[in-house]
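Chemist: with the input below, show me the fold.
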Amino acid sequence: MRTILTAQFLSLQTFESWSDEHVCERLTVSFHPILTQIYCKAEKFLESVEGNQNYPLLLLTLLEKSQDNVIRVCAAVTFKNYIKRNWRIVEDEPNKVSDADRTAIKANIVNLMLSSPEQIQKQLSDAISIIGREDFPQKWPDLLTEMVTRFRSGDFHIINGVLRTAHSLFKRYRHEFKSNELWSEIKLVLDTFALPLTELFKATIELCQTHATDVNALKVLFSSLTLISKLFYSLNFQDLPEFFEDNMETWMTNFHGLLTLDNKLLQTNDEEEAGLLELLKSQICDNAALYAQKYDEEFQPYLPRFVTAIWNLLVSTGQEVKYDLLVSNAIQFLASVCERPHYKHLFEDQNTLTSICEKVIVPNMEFRSADEEAFEDNSEEYIRRDLEGSDIDTRRRAACDLVRGLCKFFEGPVTAIFSGYVSSMLSDYAQNPGENWKHKDAAIYLVTSLASKAQTQKHGITQANELVNLNEFFVNHILTDLKSPNVNEFPVLKADAIKYVMIFRSQLPKDQLLQAVPLLITHLQAVSTVEHTYAAHALERLFTMRGPNNTTLISPAEMAPFTEQLLNNLFNALAVPGSEENEYIMKAIMRSFSLLQDSIVPYIPTLIGQLTQKLLLVSKNPSKPHFNHYLFESLCLSVRITCKANPTTVSSFEEALFPVFTEILQNDVQEFLPYVFQVMSLLLEIHSNSIPSTYMGLFPHLLQPVLWERTGNIPPLVRLLQAYLEKGAATIASSAADKIPGLLGVFQKLIASKANDHQGFYLLNSIIEHMPTDSITHYRKQIFVLLFQRLQSSKTTKFIKSFLVFINLYCVKYGAIALQEIFDSIQPKMFGMVLEKIIIPEVQKVSGPVEKKICAVGITKILTECPSMMDTEYTKLWTPLLQALIGLFELPEDDSIPDDEHFIDIEDTPGYQTAFSQLAFAGKKEHDPIGDAVGNPKILLAQSLHKLSTACPGRVPSMLTTSLNAEALQYLQGYLQAATVQLV
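Modeler: A predicted model of the protein is given here:
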């Protein structure tokens, strides 16, 4: 490999101006955390040269040849990130990695990965899996065979490198949707990989027995076994492969043996970090749960011994954090078994149920000192696990799932057993709250687990256990904690009480929720990050609840007494150390603004200052995307609500926001640009029909190509340019006419892309609608030529629909004669071709009320205001066009799309670029360019046909009776009657 890479490195023409040392220096600096400013420059430099051919090969050469380990690791990380950003080939975009580089990378990377130290091996393994996701198997058919041959090497450093790469390559099978393509790939993998993997599994277990006293050998071998077990899970996830069914005895017998193994040499003294033995057993529990859930018939002979082994594991494993994954996976196995009807008999005995509750569920619901530590010192992680449902690997979540599973068949007995425990725990707490507060915490968790039968993010618990009285528990045990005058006493219990209100909000009556609201507002003042975060989240969830008539359950009037305290406490909570960028608080601010509407107007002058200050602060280093999103949503709500009451206040918002926006634009804060453009659009759209000079100064900068290179900028920038055109087209035509070519250049770029052509049409439609006629006269023909070129090179349904709306809008604006003339000026008789090949057959595909209205009015004008339609070769198209128009009115929309069409979703484009995040509260009202001029297009058609028939007596009725089908004619008669006109 060295010679190949070195030869290619020496031939680098594009890198003549900078040396190996030059890149090394930039790489090292780019990974130095202290030199922030230099870091940015170094990173920008590396980004600027990564488009050059041979750049990735240079990184691999440095990675292989450098004597400095820091540079090697930096090169490996930079290479992986480069592959992540650039490897995928995106339609309409240039290929960012040359074909020669792609071939050289694939030819050498496996060897290089396997011969590198583990730290570098992991980075290159990730890079291989990224390449594999795109290229394997079609464009990289020999990858698997190259990897499998390394199993024979006997070197477990190499073998583990192969296994790690295979794992990162195959783990996507766990979440991919079923498809023929996926089945074919998995079959190919199984044909090549399943037998060698099984042989390796057996050989590795034999080696474990041979080296049972060699701790270093065992560590390597158990790492291999863990990776092999993960691969087993991935390869068996979609369906039970025939190979594994045939070899189930081998796999399950060995899995069971490993599950019961206890080698003292592999036990660790670390209480936090799981050891190799725990990791392996955790994965085996996962594998057993997979088979018990999906392949229960085939797995049945092995199930009893796994249940016994896992039960013994659970009752003998301690409470230390290092066992959390193992215990939670073991409990999840029992949970998956107990909800299957034909395993029901294993759990029917009352003693078995009592034993499970006593020895497995209750001990694993206890709030341990490790949980207390996380609550106090690592609140962000605690909240993420407890609130967001990412606690899938926690003991508590697993125990909760087991309760739910047992309740499926044994709800009565289980509820009775736990009721005793709950009463006992609450009694202990009542006797000595200071000592026994953890007992109440466990009791609340038990009640929550027992009562929860079905849950959604939007509504909380939607189906509850009828044997649990939630209201009574709320009044007797939850309300007391919420009403406690000291919000900082027993913060864990306060957080439990708040969470109870939040998850059972759909089950509790409204009067209890209203009782809770002021108490929750008070808890926003708590010192504990978890407690005030939960209070904010609970309020936000309550404010989204819907009552009768689809209005909010809690009305602004009911919130009036608490409005000031709510806003003060929310904004004060943002100042508490650790919550400066707390997304739950910011979301609660957004939701409060949305609920309270006009009630917040008196507070806005103060609040907008705090919001802009916060924006300035986070723009220095945007690190919390959700927080930032809700911050911009809150700004939009402030603008909308205040300007709705008084549009002139828009200038006050511009005064407050523009200095921060200017700084964001100047510093090119990429994450914030799409948001800034949306807020600016909202502000500009509020102005009456004029455009302030501050906006005009920015206009030329919005046309800079670099802004349009980032996909996330495109939708908000198009909307902003539309706002410029709507409010200031005359100003642009008079004082910025030299920028019109730039504006059309943007349209040209967008129209060439399948992903963004609709945005190009949005912009073009605004140009046609708003720009003074003479300012774009000499560009019009070129616009049509560009559209026809795109139509010829890549005709898609989306493009056709947008094209139809555009030509009909053009017809509405400039008249049917102008439309016919511009088509025929490009090529004789083209107007007829467009009618015959595009408008008549495709207009049924147009969707959306405004779009249909534009097409209806445009086609009506073609039918009734274009002389060529009545007395030339175009006349034969008159009746089919009318038939198509009546079809547009009366037939269902044709939403069929050809099989070979595939659109790239904007969000799906890979890499660095910030995806566009639509601000809900910056939403643009749908614009109707025709407006009230036409109320009902069917009436317009009837009136226009009447007018035409008056000008050409006898022509129209004869054309209708000879060519229009009976059903369409019947509909047309209805339009004429509704318009009270007749044809002559």
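
Chemist: what are the boundaries of the strands in the stretch 851-984 of the chain?
Modeler: Counting by DSSP state E, counting those that start in this stretch, the stretch 851-984 of the chain has no strands at all.

Chemist: centre of the chain to stretch 572-592, how far?
Modeler: From the chain centre to the centre of stretch 572-592 is a distance of 22 Å (CA atoms, centre = their mean, to the nearest Å).

Chemist: and it, what's buried?
Modeler: By neighbour count on 16 or more other CB atoms under 10 Å, the buried set for stretch 572-592 is 573-574, 576, 579, 581-592. (Glycine included, C-beta is placed from N, CA and C.)

Chemist: mean confidence for it?
Modeler: The average pLDDT for stretch 572-592 rounds to 96.

Chemist: mind saving the C-alpha coords of that stretch as PDB?
Modeler: What follows is stretch 572-592, C-alpha atoms only, in PDB (Å, rounded to 0.1, in the frame of the first residue of the first chain):
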ATOM      1  CA  ASN A 572     -35.200  33.700  35.600                       C
ATOM      2  CA  ALA A 573     -34.800  29.900  35.300                       C
ATOM      3  CA  LEU A 574     -32.800  30.600  32.100                       C
ATOM      4  CA  ALA A 575     -30.300  32.500  34.300                       C
ATOM      5  CA  VAL A 576     -29.700  29.500  36.700                       C
ATOM      6  CA  PRO A 577     -26.200  28.000  36.200                       C
ATOM      7  CA  GLY A 578     -26.600  24.800  34.100                       C
ATOM      8  CA  SER A 579     -29.900  26.000  32.500                       C
ATOM      9  CA  GLU A 580     -28.600  28.900  30.400                       C
ATOM     10  CA  GLU A 581     -29.400  26.900  27.300                       C
ATOM     11  CA  ASN A 582     -32.200  24.700  28.600                       C
ATOM     12  CA  GLU A 583     -34.300  23.600  25.700                       C
ATOM     13  CA  TYR A 584     -37.300  22.700  27.900                       C
ATOM     14  CA  ILE A 585     -37.500  26.200  29.400                       C
ATOM     15  CA  MET A 586     -37.200  27.800  26.000                       C
ATOM     16  CA  LYS A 587     -39.900  25.500  24.600                       C
ATOM     17  CA  ALA A 588     -42.100  26.500  27.600                       C
ATOM     18  CA  ILE A 589     -41.500  30.200  26.800                       C
ATOM     19  CA  MET A 590     -42.500  29.600  23.200                       C
ATOM     20  CA  ARG A 591     -45.600  27.700  24.200                       C
ATOM     21  CA  SER A 592     -46.600  30.300  26.800                       C
END
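
Chemist: relative to S802, which of the buried residues of stretch 572-592 is nearest.
Modeler: Ranked by distance to S802 (CB to CB), these are led by M590 at 33.3 Å.

Chemist: quick one: the closest one and L635 touch, right?
Modeler: No: when contacts are counted by CB atoms under 8 Å, M590 is not listed as touching L635 (9.4 Å).

Chemist: do you know how far I664 is from L948?
Modeler: Plainly put, I664 is 56 Å away from L948 if you go by CB to CB, to the nearest Å.

Chemist: restricted to helices, list the buried residues of stretch 572-592.
Modeler: Those of the buried residues of stretch 572-592 mapping onto helices are A573, E583, Y584, I585, M586, K587, A588, I589, M590, R591, S592, per DSSP state H.

Chemist: can you get me a residue count around P304?
Modeler: Around P304 there are 11 other residues, counting by other CB atoms under 10 Å.

Chemist: picking that back up, in CSV: the ones in helices among the buried residues of stretch 572-592, plus distance to Q704.
Modeler: Below are those laid out as CSV (distance: CB to CB, whole Å):
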residue, distance to Q704
A573, 40
E583, 32
Y584, 37
I585, 36
M586, 31
K587, 34
A588, 38
I589, 34
M590, 32
R591, 37
S592, 38
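
Chemist: nearest to N111, of the residues you listed?
Modeler: Distance to N111, by CB to CB, is smallest for E583 among these, at 44.7 Å.

Chemist: which ones are touching the closest one?
Modeler: K624, H626, F627, Y630 (CB atoms under 8 Å, 6 or more residues apart in numbering).

Chemist: which of those has the most neighbours?
Modeler: In terms of neighbour count, Y630 stands highest of the contacts of E583 at 22 neighbours, by other CB under 10 Å.

Chemist: name the helix or strand for that residue, please.
Modeler: Element membership of Y630 [criterion: DSSP states H and E] is helix 625-645.

Chemist: quick one: buried residues of that helix?
Modeler: Per 16+ other CB under 10 Å, helix 625-645 contains these buried residues: 627-643.

Chemist: next secondary structure after that helix?
Modeler: helix 650-666.

Chemist: so for that next one, mean pLDDT?
Modeler: Mean pLDDT, helix 650-666: 95.

Chemist: tell me what angle that helix forms with helix 625-645.
Modeler: Going by axes from the mean of the first three to the mean of the last three CA atoms, to 10 degrees, helix 650-666 is angled at 150 degrees with respect to helix 625-645.

Chemist: restricting to C-alpha, output helix 650-666 in CSV.
Modeler: Provided in CSV are the C-alpha atoms of helix 650-666 (Å, rounded to 0.1, in the frame of the first residue of the first chain):
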residue,chain,number,x,y,z
VAL,A,650,-42.3,46.2,13.4
SER,A,651,-39.6,49.0,13.3
SER,A,652,-39.0,48.5,17.1
PHE,A,653,-38.3,44.8,16.5
GLU,A,654,-36.0,45.6,13.6
GLU,A,655,-34.1,48.0,15.8
ALA,A,656,-33.7,45.3,18.5
LEU,A,657,-32.9,42.4,16.1
PHE,A,658,-30.9,43.8,13.2
PRO,A,659,-27.6,44.4,15.2
VAL,A,660,-27.6,40.7,16.3
PHE,A,661,-28.6,39.5,12.8
THR,A,662,-25.8,41.7,11.3
GLU,A,663,-23.3,40.0,13.6
ILE,A,664,-24.6,36.5,12.7
LEU,A,665,-24.4,37.3,8.9
GLN,A,666,-20.9,38.8,9.2
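
Chemist: contact partners of that helix?
Modeler: 605, 608-609, 612, 615-616, 619, 635, 638-639, 642-643, 672-673, 676, 679-680, 683, 686-687, 692, 694, 701.

Chemist: same deal with stretch 720-739?
Modeler: 677-678, 680-681, 684-685, 687, 689-691, 695-696, 699-700, 702-703, 740, 743, 746, 762-763, 766-767, 769-772, 775, 927.

Chemist: dump the C-alpha coordinates for it into PDB.
Modeler: Below are the C-alpha coordinates for stretch 720-739, written out as PDB (Å, rounded to 0.1, in the frame of the first residue of the first chain):
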ATOM      1  CA  LEU A 720     -37.000  36.400   1.700                       C
ATOM      2  CA  LEU A 721     -36.500  37.300  -2.000                       C
ATOM      3  CA  GLN A 722     -40.200  36.800  -2.600                       C
ATOM      4  CA  ALA A 723     -40.900  39.200   0.300                       C
ATOM      5  CA  TYR A 724     -38.500  41.700  -1.400                       C
ATOM      6  CA  LEU A 725     -40.300  41.300  -4.700                       C
ATOM      7  CA  GLU A 726     -43.800  41.600  -3.100                       C
ATOM      8  CA  LYS A 727     -42.900  44.800  -1.100                       C
ATOM      9  CA  GLY A 728     -40.300  46.500  -3.300                       C
ATOM     10  CA  ALA A 729     -40.300  45.300  -6.900                       C
ATOM     11  CA  ALA A 730     -40.600  48.900  -8.200                       C
ATOM     12  CA  THR A 731     -37.600  49.900  -5.900                       C
ATOM     13  CA  ILE A 732     -35.600  47.000  -7.200                       C
ATOM     14  CA  ALA A 733     -36.400  47.900 -10.900                       C
ATOM     15  CA  SER A 734     -35.500  51.500 -10.400                       C
ATOM     16  CA  SER A 735     -32.500  51.500  -8.000                       C
ATOM     17  CA  ALA A 736     -31.200  47.900  -8.200                       C
ATOM     18  CA  ALA A 737     -31.900  47.100 -11.900                       C
ATOM     19  CA  ASP A 738     -28.300  45.800 -12.200                       C
ATOM     20  CA  LYS A 739     -29.200  43.000  -9.700                       C
END
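
Chemist: done for today, thanks.
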